[in-house]
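>>> please find the sequence and the predicted model below.
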Amino acid sequence: MQGITETDAADALLARVDRRTRRPLEDALRGKSLNDEQAHFLLTLPRPQLPALLASAAAVRAARKGPVVTYSPKVFLPVTNLCLDRCSYCTFRKDPDDPGAWTMLPEDVRACCAHGRELGCSEALMCLGDRPERAYRAYRATLRVLGHADTISYLSACCAIALDEGLLPHTNAGLLTREEMTRLRPLNASLGLMLESSSPRLQRRGGAHANAPDKDPALRLGMMREAGELRIPFTTGILLGIGETTVERIESLRAIAEVHAAFGHIQEIIVQNFRAKPNTRMASEPEPESYEIAATVAVARLMMPDMNLQVPPNLNPYDLRLFLSAGINDWGGISPLTADYVNPEAPWPQLAALGAACTAAGLVLRPRLPTYAEYLQPEFLDAAIRDRIAARHVPQGVHHVDSVA
Ligand code: SF4
């Protein structure tokens with residue numbers, strides 16, 4: 001006897017909602033993507049109608065992505081935490097004289113990658129502040145001592161070390177030029193840049209990005225388009241709760257969808273929630289509610305049915321089932337070795353807990369590479385990276401590491 005399917009569950013819940021809610025959800029279940037008006041209407045549904053939205057998104061996820069939910073076993077390499085920008089919510093960035101300011105040395109990068117490889121990691125996440133050499137003479141001097149003229153040169157050397165140690169780099173170095181991405185492409189399995197929001201309003205006085213020139217959405221969308229022209233698999237996402245409106249959330253998702261429609265290279269979208277942290281300008285701002293995050297994920301799934309959608313589990317440890325029910329199919333990078341340096345207060349979940357949440361939802365947890373399977377093709381990867389990937393054995397079961405930092 002066959003069990004109840006996600007579509008059966010969605011149909012049952014659709015019978016209980018009003019016609020205006022039911023119609024776009026029925027269309028979505030038949031394969032039609034939401035338009036902006038429908039997306040905004042569904043994003044702002046009253047709470048009692050939310051189960052119908054989530055069930056529809058889960059049914060579309062089941063139809064388009066199947067039962068597998070992925071994660072990427074990684075090491076997090078915060079190459080430097082110096083940054084030109086000053087986002088109002090950030091605790092990662094430092095000035096050179098601040099306690100805790102650092103630039104990793106090549107030997108530290110190598111040791112971390114080697115240890116990560118021993119623990120079964122595939123990804124070396126190179127994460128750093130935006131353009132520190134433009135702001136800090138001390139950092140320019142550090143680069144000179146390390147033998148490099150600019151950050152991209154040093155970053156390229158770090159990526160080469162990671163490859164040498166058997167890991168696949170995924171770099172998120174903030175806003176990059178076309179020339180810089182061209183230099184990084186042969187050394188990376190994918191690149192990333194959060195859009196965060198397409199709203200230029202957030203850069204005005206008092207906004208979350210008022211002191212962050214590189215958070216200009218036009219520049220970030222421009223970089224994403226150039227990455228598409230360069231055929232680079234690309235990770236991006238939105239940040240919820242930094243002062244954007246619900247209309248702007250939909251506009252941000254649409255902006256990403258349009259870039260993807262033009263170039264086909266957006267391999268995943270992260271729906272990340274703002275966390276209020278002590279000693280930041282946004283320390284007392286409200287954090288997004290779990291149901292808001294879930295509704296945004298569900299709407300994103302119905303706007304872009306085939307997209308890989310991720311919510312960071314360490315920022316939402318009590319909502320794993322909720323986000324699975326909203327249509328995600330990825331948990332992002334999880335490290336058995338290194339902290340989330342951007343959110344060091346939020347430990348990675350144990351893989352056993354992620355696996356149990358997936359199993360309880362009728363889904364299966366699997367590791368993936370920093371290049372999604374759809375992009376493992378010559379068009380999107382340099383031959384040297386393809387060779388490295390071909391040489392790897394990617395475990396297909398739940399990862400063996402069950403105790404993580
Ligand atoms: S969020 Fe990124 S760009 Fe903004 S200040 Fe922090 S490190 Fe810099």
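Happy to help now that I have it. Numbers count the residues shown, from 1 in each chain.

>>> for this structure, which strand is longest?
strand 68-78 (DSSP state E).

>>> output that one in CSV with nothing but the alpha carbons.
Taking C-alpha atoms only, strand 68-78 is exported to CSV below (Å, rounded to 0.1, in the frame of the first residue of the first chain):
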residue,chain,number,x,y,z
VAL,A,68,17.9,14.0,-0.8
VAL,A,69,19.0,16.9,1.4
THR,A,70,22.7,17.7,1.2
TYR,A,71,25.4,19.3,3.2
SER,A,72,29.0,20.1,2.4
PRO,A,73,31.7,18.8,4.8
LYS,A,74,34.1,21.7,5.1
VAL,A,75,36.8,23.6,6.8
PHE,A,76,36.2,27.3,7.3
LEU,A,77,39.3,29.3,6.6
PRO,A,78,38.9,33.0,7.6
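
>>> who does it touch, helix- and strand-wise?
Applying 3 or more C-beta pairs under 8 Å, 6 or more residues apart in numbering; DSSP states H and E, one finds that strand 68-78 makes contact with helix 106-118, strand 123-127, strand 330-334, helix 351-360, strand 364-367. C-beta: built from backbone N, CA, C; applies to glycine.

>>> repeat the analysis, applying 6 Å as the threshold.
Applying 3 or more C-beta pairs under 6 Å, 6 or more residues apart in numbering; DSSP states H and E, one finds that strand 68-78 contacts helix 106-118, strand 123-127, strand 330-334, strand 364-367.

>>> the ligand: which of these is closest?
The ligand lies closest, by C-beta to the nearest ligand atom, to one member of these: strand 123-127, at 8.6 Å.

>>> quick one: strands adjacent to that closest one?
strand 68-78 (parallel), strand 168-172 (parallel) (DSSP bridges).

>>> between the shortest one and helix 106-118, how many degrees?
Direction vectors for strand 168-172 and helix 106-118, defined by axes from the mean of the first three to the mean of the last three C-alpha atoms, to 10 degrees, enclose an angle of 120 degrees.

>>> right, is strand 168-172 up against the ligand?
No - when contact is scored as C-beta under 6 Å from any ligand atom, no part of strand 168-172 falls within range of the ligand; the minimum is 9.1 Å.

>>> just name the most buried of the helices and strands packed on strand 68-78.
Mean neighbour counts were compared across the helices and strands packed on strand 68-78 using mean count of other C-beta atoms under 10 Å; the top stretch is strand 123-127, at a mean of 26.

>>> compute the inter-axis angle for it and strand 330-334.
Note on geometry: by the same axes, to 10 degrees, strand 123-127 and strand 330-334 are set 80 degrees apart in direction.

>>> packing partners for the helix or strand following strand 123-127?
Along the chain past strand 123-127, the next helix or strand (assigned with DSSP states H and E) turns out to be helix 132-135. For helix 132-135, the packing partners by 3+ C-beta pairs under 6 Å, 6+ apart come out as helix 137-146.

>>> contact residues of the stretch 201-350 of the chain facing the ligand?
Counting by C-beta under 6 Å from any ligand atom, the residues of the stretch 201-350 of the chain close to the ligand are Ala212.

>>> how about the stretch 201-350 of the chain: which residue is closest to the ligand?
Ranked by C-beta to the nearest ligand atom, the top residue of the stretch 201-350 of the chain for proximity to the ligand is Ala212, at 5.2 Å.

>>> make sure that residue is actually in contact with Cys90.
No - using C-beta atoms under 6 Å, Ala212 is not in contact with Cys90; the gap is 8.6 Å.

>>> I'd say Glu6 and Ala62 touch.
Yes - in this structure, Glu6 is within contact of Ala62 by C-beta under 6 Å, at 4.2 Å.

>>> if we ignore the residues flanking it in sequence, what's nearest Arg140?
Nearest residue to Arg140 in three dimensions, chain neighbours excluded: Glu133, at 5.2 Å (C-beta to C-beta, 6 or more residues apart in numbering).

>>> ok, that neighbour - contacts?
Residues in contact with Glu133 (C-beta atoms under 6 Å, 6 or more residues apart in numbering) are Tyr139, Arg140, Asp150, Thr151.

>>> can you check Ser197 too?
The neighbours of Ser197, taking C-beta under 6 Å, 6+ apart as the test, are Glu244, Ser252.

>>> which elements pack onto the helix or strand hosting Gly222?
Assessed by DSSP H and E, Gly222 sits inside helix 217-229. Secondary-structure packing of helix 217-229 (3+ C-beta pairs under 6 Å, 6+ apart): helix 246-263.
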